[in-house]
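*Asks:* Using only what follows, build the 3D model:
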Amino acid sequence: MKKLSFSYKILYIFNVVFAMLLALSYLTSFISPKTFPFLAIVNFSIPLLWLINFCFILIWLLKLKKYFILSLLVMLLGWFQLKNLFVFSNSNFVASQSISVMSYNVMQFYSKSDAKLSTFDGIKNFVDKETPSILCFQEFKNTNQHKFENFKFSSFDSTKIGLQSAIFSQHRIINSKYFDFEHSGNSAVFADIVINLDTIRVFSAHFQSLNLKPDITTLNEEPKEKLIKRLEKVFKKQINQFDLIKDDIAKSPYPVVFSADMNNTALSYLYHQLTGLELKDSFLESGQYYGKTFNFGALPLRIDMILISESLKSSNFKNYRVDYSDHYPVMTKIQL
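*Replies:* Numbering: from 1, shown residues only. Next comes the predicted model:
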C-alpha cells in the first residue's frame, strides 16, 4: 500500500468493500427472504458485484499490481454460482421418444410498447411454426379470441378472465390442479399428461412479479427506499407461493417438468429450493451461453426456466428472440 498514491489507496479500500460484499452475497442463496428479505435484493445484485470486481481486476493488472488477487479469489470462490449462469458446452441427442416443451410469458397478448395493440396473432403464428408438444403460458388471458386449436387438451381456470398460468397439450391430460395465489395476480397450474405409456406432471407457474419496466430510466425514477421495500415484499411472497406448490412437486407420482416465469434468477433462494426437490435446469443441461429471457435493456436476465426431474433428459434448449412480449419464449426437447 505504501507504493500506491492516495487516490489508488482509496480505490483499494473500495475494492475491499466490494469484494467483501460479493463474498457475503454467496450466502444469500441459502437464506430465506422470509427471514432476511433484504438479502434477496443483495442476491439479485450478484452479477453486478461480479462485474465491479472484474473491473477492479483489470485496473490492478493494468497497474501491474498484485492487488488484483483479492477480487480474483473472491470471484473464484463463487464458481459454484457462476456455473448456474453460463453454459459453454451443451448436451444434445436424438431420442426415439421425446417431447418438446415451450414456456412463454405472453403479457396477456399485449405489446410492451402499446398496451392496446394485440400480439395474439403473432404469438399464435410463432407457436404454430415451432409446434411444441406442450405449451406453458404465464400471463395468459382467457377470452374467446385467444384459442389454440392445434392443441387438443388444456388446463387453466376457464372461469377466470384475468391473467393466469395455463397449459396446452397435444397429449391427453388425465388430472390437473390450479393454484390461485392469494393477494396476487400470479398463479400456477399442473397437469398430469399421458404420453404413450408414460405420464409426466407438467407445471406452468408464475411467481410474484417484480414489476420492473424494461428500461433503466423508469427504474431510476422510483424512490430507492420504496423500491427496496417493494422488492422485499415480492421475494417473501415468492417463497410463500412456492410453499403452496412444493408438495405437489415433491410428492408427484410422475416425473416433473416445471416451467415458470420465476421472476428471480438462478442464483436465488427460490431457485435453490426448487432444484433441491431433485429438479435440474434444462438450460444448464442443453442450452448455450447466458440464455437471456427478459427484455431489460442490456442486462442479460434469465428468469424464465424449464426445470425437469433427474430421471429426464433435456436436449436442444432454445432461446428465442421474438418481440411479442417483455419476455422471450424458451423451449427444450425432453427424453422420457
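*Asks:* Just the residues contacting stretch 155-163, thanks.
*Replies:* Stretch 155-163 is touched from outside by 108, 139-143, 164-167, 169, 173, 176, 178, 180, 185, 187, 189-191, with contacts defined as C-beta atoms under 8 Å, 6 or more residues apart in numbering. From N, CA and C alone the C-beta is placed, and that goes for glycine too.
*Asks:* filter these to the buried ones?
*Replies:* 108, 139-142, 164-167, 169, 173, 176, 178, 187, 189-191 (16 or more other C-beta atoms under 10 Å).
*Asks:* Filter those down to just the ones in helices.
*Replies:* Among the buried ones among the contacts of stretch 155-163, none falls in helices (DSSP state H).
*Asks:* Per-residue pLDDT of the spatially closest residue to Tyr67 that is not a sequence neighbour, please?
*Replies:* For Tyr67, the nearest residue in space outside its immediate sequence neighbours is Trp60; the separation is 4.6 Å by C-beta to C-beta, 6 or more residues apart in numbering. At Trp60, the model reports a pLDDT of 88.
*Asks:* Next: the one 4 residues further on.
*Replies:* In the predicted model, Leu64 carries a pLDDT score of 81.
*Asks:* Same question for Asn220.
*Replies:* At Asn220 the predicted local distance difference test score is 56.
*Asks:* what do you get for Pro223?
*Replies:* 69.
*Asks:* Name the helix or strand for the residue nearest to Tyr67, please.
*Replies:* Here Trp60, judged by DSSP states H and E, is contained in helix 46-62.
*Asks:* what residues does that helix touch?
*Replies:* Under the criterion C-beta under 8 Å, 6+ apart, residues 11, 15, 18-19, 21-22, 25-26, 28, 66-68, 70-72, 74-75, 78, 81-82, 85, 265, 267, 299 lie in contact with helix 46-62.
*Asks:* Filter these down to just the buried residues.
*Replies:* 11, 15, 18-19, 21-22, 25-26, 28, 67-68, 70-72, 74-75, 78, 81, 85, 265, 267.
*Asks:* Counting only strands, which of those residues make the cut?
*Replies:* Among the buried ones among the contacts of helix 46-62, no member falls in strands (criterion: DSSP state E).
*Asks:* which stretches of the stretch 151-300 of the chain form strands?
*Replies:* 153-155, 163-169, 172-180, 187-195, 198-206, 256-261, 279-281, 294-296, 299-301 (DSSP state E, counting those that start in this stretch).
*Asks:* low-scoring stretches of the stretch 201-336 of the chain, by residue?
*Replies:* Low-confidence regions of the stretch 201-336 of the chain, defined here as pLDDT under 70, cover residues 212-223, 296-299.
*Asks:* tell me the centre residue of this structure?
*Replies:* The chain has Ile303 as the residue nearest its centroid, 2.0 Å off, counting by C-alpha atoms, centre = their mean.
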